[in-house]
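Colleague: Mind folding the following:
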Amino acid sequence: MNKKSVKTHVQKIFNYDAGGLQNNYLITFSEYENLDKLWNNYIDEIKNIEIPFQTLRYLQISDQEIAPSGIKIMKQVYIRNGNNLNLYHIMVDLKI
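Modeller: Numbers count the residues shown, from 1 in each chain. Below is the predicted model:
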């Protein structure tokens, strides 16, 4: 995993969203051999990236059995201008 690239893309989301949309999405496509290992490393990295707003919580959506096995989803809830907003981190396994 390219940690610098992950950090750059996460921070870009906040630069591009000048108005403060309710939901933003960051989608990563992977052909890595072990999706669970990559996902866990990705989540660890996300939690260490500084963003311009306070994160309230991280919710593992894919652990709630609503996503297919080849898709991982986490919702990052943060506060912006007094509003709770969401950044969805989605990882899709393209390995065949």
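Colleague: From here on, just use CA atoms for contacts and neighbour counts.
Modeller: OK.
Colleague: Let's verify Ile51: helix, strand, or coil?
Modeller: The assignment at Ile51 comes out as coil when based on DSSP: H, G, I helix; E, B strand; the rest coil.
Colleague: That one and Gln11 touch, don't they?
Modeller: Yes - counting by CA atoms under 8 Å, Ile51 touches Gln11, with 6.5 Å between them.
Colleague: mind listing the helices for the protein?
Modeller: Applying DSSP state H to the chain gives helices spanning 3-16, 35-46.
Colleague: And the longest one, what does it pack against?
Modeller: The elements that helix 3-16 packs onto, with contact taken as 3 or more CA pairs under 8 Å, 6 or more residues apart in numbering; DSSP states H and E, are strand 23-30, helix 35-46.
Colleague: Save the ones you listed as CSV, and put in mean neighbour count, mean pLDDT and distance to Leu56 too.
Modeller: CSV is the format used below for the helices and strands packed on helix 3-16 (neighbours: other CA atoms under 10 Å; pLDDT from 0 to 100; distance: least, CA to CA, whole Å):
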stretch, mean neighbour count, mean pLDDT, distance to Leu56
strand 23-30, 14, 92, 15
helix 35-46, 15, 91, 14
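Colleague: Sketch out the low-pLDDT regions of the protein for me.
Modeller: The model of the chain has pLDDT under 70 over residues 63-68, 96.
Colleague: if we go to 80?
Modeller: Residue ranges of the chain with pLDDT under 80: 1, 62-69, 95-96.
Colleague: Now for the residue nearest to Leu85 when sequence neighbours are not counted, how many residues are close by?
Modeller: Nearest residue to Leu85 in three dimensions, chain neighbours excluded: Gln22, at 4.9 Å (CA to CA, 6 or more residues apart in numbering). By other CA atoms under 10 Å, 12 other residues sit near Gln22.
Colleague: Next, Gln22: phi, psi?
Modeller: Main-chain torsions, Gln22, degrees, to the nearest 10: phi -60, psi -40.
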